[in-house]
Structure formats: structure tokens, C-alpha cells
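Peer 1: no FASTA, just this:
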């Protein structure tokens, strides 16, 4: 199943413009690195399903091989983020594309970046679809209300593990520039 899911993720990355066809072998090898695997046989057919399904399958494979340390929402999120990071262009390329589009039309650039963020799974479509939304009329006009279910609660085990980790001054904060590409 691993090879079919790798193939499906590479197909997805090409279809959404994260990679080009010339990048396919490179992309497979990047995914193998993240999965701590060193063999790959191209399957006759890729796995089917949504991006969330494909990433879940690859997380399951990684859990079986030990590449994924623990089976929790937090650890799975970190691991599938690592998988998607292997297929994401570097910041300079994203910035150049955004700037090029922005110079043509700021809305077009913003729309592209929003789509890009969904394609890289930074914005998780499958979770946002679960959000509860409604409109409540008020004397001041309609009020949009949303219950955000797209960000899972922290796992108590992950919180306890984080407390035991050695403290570092790098990066200085969760929003600091040094987080870009930081694996810690």
C-alpha cells in the first residue's frame, strides 16, 4: 500500500502544481526519505482517495515502520506536514510567484496563495469542512458564527513530552522567522 500511496501523493502534487512532471523521481525520493524507506517499485495504479486519505495511509505505513513515533493527532499532523514539506517549493519560489501575481492583481495573488495553502495541506480542507457555521440575525445585522473544529486539541501526552524536552532559545517564538523550515 505504501508505494500506491506515494504514487498518489506525487500525482496529487503534480496535479495541483506543487511539482512539475520533471520533479516526479525527486519527489518519490524525498517521500522515501521522510518515510525512512529505501526501496520503491512504481505501482500499476496509485491509491485512490482524498489528500487526507492518502496522508492517513502514509502515516499508517510510517507508524508500522517506526518512522512515525506515536499514534496521536499531534504526531500524525507533524508527520504529514513533513511529507507535504518534501513536496513544497522553497520560500523564495513561493514569494516570487506571489510577487509576480501581486504585480498583476493583488486579489489574484491572494487567491493563489490561499489555494496554494490548501494544496500543501497547511489549510486542511477536510477539517474545515467539519466546522459548524450559521448566521444569526441581530439588531445590528447578520452575525456569522463559526465553531472552529479544524484545529484539534493538544494531546495530553504531547504536552507532557514537550515539557520534558530540553529548552532552547532557537527559534525564539512560534511566529519567528527562524521557524521557516525548522524541523525541531
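Peer 2: Ah, there it is. These figures come from a predicted structure and were not determined experimentally. Numbering: from 1, shown residues only.
Peer 1: where are the low-confidence patches of this structure?
Peer 2: Along the chain, segments meeting pLDDT under 70 span 151-159, 161-162, 165, 184.
Peer 1: what number of residues lie near the residue nearest to residue 88 when sequence neighbours are not counted?
Peer 2: Closest residue in space to residue 88, ignoring its immediate chain neighbours: residue 120 at 5.2 Å, by CB to CB, 6 or more residues apart in numbering. C-beta coordinates here come from the backbone N, C-alpha and C atoms, glycine included. Neighbour count for residue 120, taken as other CB atoms under 10 Å: 19.
Peer 1: for residue 62, same thing?
Peer 2: Per other CB under 10 Å, the neighbour tally for residue 62 reads 24.
Peer 1: Please report how far the residue nearest the centre of the chain lies from residue 87.
Peer 2: Closest residue to the average C-alpha location of the chain: residue 121 at 3.5 Å, with CA atoms, centre = their mean. For residue 121, the distance to residue 87 (CB to CB, to the nearest Å) stands at 10 Å.
Peer 1: Just the buried positions in stretch 126-134, please.
Peer 2: The neighbour-count check on stretch 126-134 (16 or more other CB atoms under 10 Å) flags residue 127 as buried.
Peer 1: An error on my part: the question was meant for stretch 85-97.
Peer 2: By 16+ other CB under 10 Å, the buried positions in stretch 85-97 come out as 86, 87, 88, 89, 94, 97.
Peer 1: Tell me how many other residues surround the nearest residue to residue 86 once chain neighbours are set aside.
Peer 2: Nearest non-adjacent residue to residue 86, counting by CB to CB, 6+ apart: residue 30, 3.8 Å away. Residues lying near residue 30 (other CB under 10 Å) number 18.
Peer 1: Give me the secondary structure label for residue 30.
Peer 2: Classification of residue 30 using DSSP: H, G, I helix; E, B strand; the rest coil returns helix.
Peer 1: Look up how far residue 74 lies from it.
Peer 2: Going from residue 30 to residue 74 by CB to CB gives 23 Å.
Peer 1: circling back: with distance to residue 45 as added columns, please give the buried residues of stretch 85-97 in JSON lines.
Peer 2: Below are the buried residues of stretch 85-97 laid out as JSON lines (distance: CB to CB, whole Å):
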{"residue": "86", "distance to residue 45": "22"}
{"residue": "87", "distance to residue 45": "20"}
{"residue": "88", "distance to residue 45": "26"}
{"residue": "89", "distance to residue 45": "27"}
{"residue": "94", "distance to residue 45": "32"}
{"residue": "97", "distance to residue 45": "32"}
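Peer 1: Tell me the one of those residues nearest residue 53?
Peer 2: residue 87 (16.4 Å; CB to CB).
Peer 1: ok, now which ones touch that closest one?
Peer 2: By CB atoms under 8 Å, 6 or more residues apart in numbering, the contact set of residue 87 is 9, 10, 13, 18, 19, 27, 30, 31, 120.
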